[in-house]
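here is a sequence with its predicted model. Questions after.
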Amino acid sequence: MQFVEGGAEVFGGGVGDEVLRDRGAARWLRAGFSGVRRGRRRPAADPAAFGMPTGDDGRRDDPLLSDRSWAVSSYRPEVDALPAAPTRVVIAVGEESEDVFTGRTAVATARLLGRQAVVFPGHHGGFLDGEFGYAGRPAAFALRLCEVLDGAGDVSVD
């Protein structure tokens, strides 16, 4: 299905002809599908602008970045059961990832438990040494982990 307005062809799928005849609908389609004009494509976004490695090719085939992770992102822990568990529960976040999805979920979970998230050096994978991409700070991470395991890093909210 296509609509021509001002010499530019706009393509849409699953929309009735009567909607495509409307000039407002054509503008709406262009706004939502701005990269589908024939003969013109927007340049790929710079991965660094989104805090990703510059070599990122834009593929999102990693299961953690797909719809398969919805079960994780929509999971709500049993807030009453966790503090009663025989094991100490510590929610942690990387200092460089507090504002990204994984960091925000950690902070929110800690708040649900009446605590603050324990902050570790580096990002979400701060214990890694760069062998899988963005390098963390494994030595500083290890020191902080020892502090937390000794009980010095578990912070309750007053």
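Here it is on my side, so go on. Numbers count the residues shown, from 1 in each chain.

what's the pLDDT at L145?
As predicted, L145 sits at a pLDDT of 91.

buried sites along the helix or strand hosting it?
Applying DSSP states H and E as the criterion places L145 in helix 138-149. Buried residues in helix 138-149, counted by 16 or more other CB atoms under 10 Å: 138, 141, 144-145, 148. Every C-beta, even on glycine, is put in place using the N, C-alpha and C of the backbone.

check stretch 97-106 too.
Here stretch 97-106 shows 97-98, 102-103, 105-106 as buried, counting by 16+ other CB under 10 Å.

and for it, what's in contact with it?
For stretch 97-106, the surrounding residues in contact (CB atoms under 8 Å, 6 or more residues apart in numbering) are 51, 73, 91-94, 107, 117, 119, 123-124.

just give me the closest of those to V79.
Within the contacts of stretch 97-106, proximity to V79 (CB to CB) peaks at I91, which comes in at 11.8 Å.

hmm, Y134 is touching G126, no?
No. In this structure, Y134 is not within contact of G126 by CB atoms under 8 Å, at 9.7 Å.

of the two, who's got more company?
G126 (25 against 15; other CB atoms under 10 Å).
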